[in-house]
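Enquirer: sequence and predicted model, in that order:
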Amino acid sequence: MANVDHGGVEAARFGISRSPKWPAVEKAHLDKQPRCVCCKPGADTKAALQVHHIFPFHYCIALGRPDLELDQRNLITLCEDEAGKPGENHHLLVGHLDDFQSSNLSVVEDAKTTFYGMAAAAIRADPKWQAKEAKRLAPLDKMTAADKQAFKDAMNTRFPLQTTGPSHAGA
Ligand SMILES: [Zn+2]
């Protein structure tokens, strides 16, 4: 894709790069989920699209679950505002709470309900979004031991390790 790879840029700060299998997994996800989950049908037809990791892949790799980089359960399609491809920036605002060094672990629920169909300006003005932004996930290098344990617990509870299936091979 021609889009800016914000997730890849952030992961590179920690010496982590995407799996060579990522482009195929990304394409398979777009085939399955070809629209922004946060946009009403038809609203994202001109927008750039990003396949976003619910649990950011470099955290998954660093904290013991590299399989989740390539696991379809951990992916969601969101729109992005780029030159010539206007969108509501749901990737930045709902996926990352306005900072690509952070992430919104409630992105699926928030895209489908809390901020569904909302324009970027309305999301920024929403007290629910402002409250989330104020206590968002710390960048990997700023996490405490307790932060890391909470992240691992959330990740392993939501997406238990699959002992069979093609995505368990690792990166
Ligand atoms: Zn959208």
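Expert: Good, I have the coordinates.
Enquirer: could you list the buried residues of whichever helix in the chain runs longest?
Expert: Once the chain is assigned using DSSP state H, the helix that runs over the most residues is helix 145-158. When neighbours are counted by 16 or more other CB atoms under 10 Å, the buried residues of helix 145-158 are found to be Lys148, Phe151, Lys152, Met155. The C-beta positions use only the backbone N, C-alpha and C, and glycine is treated the same way.
Enquirer: pLDDT weak spots in this structure?
Expert: Along the chain, the parts satisfying pLDDT under 70 run over 1-2, 164-171.
Enquirer: would you mind listing what in it touches the ion?
Expert: Contact residues of the chain with respect to the ion, defined by CB under 5 Å from the ion, are listed as Cys36, Cys38, Cys39, Asp44, Cys79, Glu88, His90.
Enquirer: distance-wise, check the fourth one relative to His6.
Expert: Read that as Asp44. From Asp44 over to His6 the distance is 18 Å, taken as CB to CB, to the nearest Å.
Enquirer: which of the two has more neighbours?
Expert: The residue with the greater number of neighbours, taking Asp44 and His6 and applying other CB atoms under 10 Å, is Asp44; the counts read 24 against 17.
Enquirer: what helix or strand is the more buried one located in?
Expert: With elements taken from DSSP states H and E, nothing contains Asp44; it lies in neither a helix nor a strand.
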